[in-house]
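Participant: Task: produce atomic coordinates for the following.
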Amino acid sequence: MGARALYMMDCGVGEFDYGILVAMQHPGEKVLSPFSACLIDTDDGPVLVETGVNPDGRRDPAAAAGERARAGRLSLRDGDGEVVPGVWVISSPGHTPGHQSVLVSLPESGKMLLALDAISTRENIELETVGGVPWNAALAIGSIRRLVQLVKRENATLVPGHQPGCWSTLKRSPECYR
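Facilitator: Residues are numbered from 1 along each chain as shown. Predicted coordinates for the structure are as follows:
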């Protein structure tokens, strides 16, 4: 079976200049942008998707997260790959080195692509432009293109990472996608 449910967890909002979300667009316009984490219920146990990892955590997870790294079976992955049946990480660098997006295949909702920081808003796709402060703009554009192709090929629903107003259109925990 694999993935059974996807819980979108509201982690608050931040106020940003829109030009940070979409380079050179609407400078000075302030928007509220959501922050989230996602919990995927799978046959193999829970999978937590969170977009920030302390750089020390990449080198030594136990030192950065303590016993939680061993007890929460922390597993860091590079590149593309299946995490558990129905959950894949997709390499999408550019915003940061090593950035990954997550593709989830659910029995009722179908496939959902959590673009996270690779695609902040749908306008990044429409204008084919990056968020305002990428680590590598060329890689970021390549990742946007790659993820858009993946969405089309897999007939997946795209969930941008920081789309203003998106929380009003998504199911939020304790509701879930199945």
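Participant: do you know how far V102 is from D10?
Facilitator: 17 Å (Cβ to Cβ, to the nearest Å). Heads up, the C-betas are built off the backbone N, CA and C, glycines and all.
Participant: Next: G165.
Facilitator: For G165 relative to D10 (Cβ to Cβ), the value is 13 Å.
Participant: Between V102 and D10, which is the more surrounded one?
Facilitator: V102 (22 against 13; other Cβ atoms under 10 Å).
Participant: Now that one: closest residue in space that isn't a chain neighbour?
Facilitator: L114 (4.4 Å; Cβ to Cβ, 6 or more residues apart in numbering).
Participant: Tell me how many other residues surround that neighbour.
Facilitator: Using other Cβ under 10 Å, L114 is surrounded by 26 other residues.
Participant: can you tell me which residues contact it?
Facilitator: C38, V49, S101, V102, L103, V104, V159, G161 (Cβ atoms under 8 Å, 6 or more residues apart in numbering).
Participant: As CSV, these with secondary structure would be great.
Facilitator: Converted to CSV, those look like this (DSSP: H, G, I helix; E, B strand; the rest coil):
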residue, secondary structure
C38, strand
V49, strand
S101, strand
V102, strand
L103, strand
V104, strand
V159, strand
G161, coil
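Participant: Looking at those residues, which is nearest G132?
Facilitator: G161 (13.5 Å; Cβ to Cβ).
Participant: Retrieve the pLDDT associated with the closest one.
Facilitator: Per-residue pLDDT puts G161 at 91.
Participant: Against T42, how distant is the closest residue to it other than its chain neighbours?
Facilitator: Spatial nearest neighbour of G161, chain neighbours left out: L116 (4.5 Å); criterion: Cβ to Cβ, 6+ apart. Distance from L116 to T42, counting by Cβ to Cβ: 19 Å.
Participant: and T96, how far is that from G110?
Facilitator: Counting by Cβ to Cβ, the separation of T96 from G110 is 28 Å.
Participant: Same check on Q149?
Facilitator: Distance, Q149 to G110, by Cβ to Cβ: 17 Å.
Participant: So for these two, which residue has more residues nearby?
Facilitator: Remark: of Q149 and G110, G110 carries more neighbours, 13 against 10, as counted by other Cβ under 10 Å.
Participant: For that one, which residues are in contact?
Facilitator: N155, A156, T157.
Participant: the longest strand in this structure is where?
Facilitator: In the chain, with assignment by DSSP state E, the single longest strand is strand 3-17.
Participant: who's in contact with it?
Facilitator: Under Cβ under 8 Å, 6+ apart, the answer for strand 3-17 is 27-43, 84-87, 104-107, 109, 112, 132, 159, 162, 167, 170-174, 176-178.
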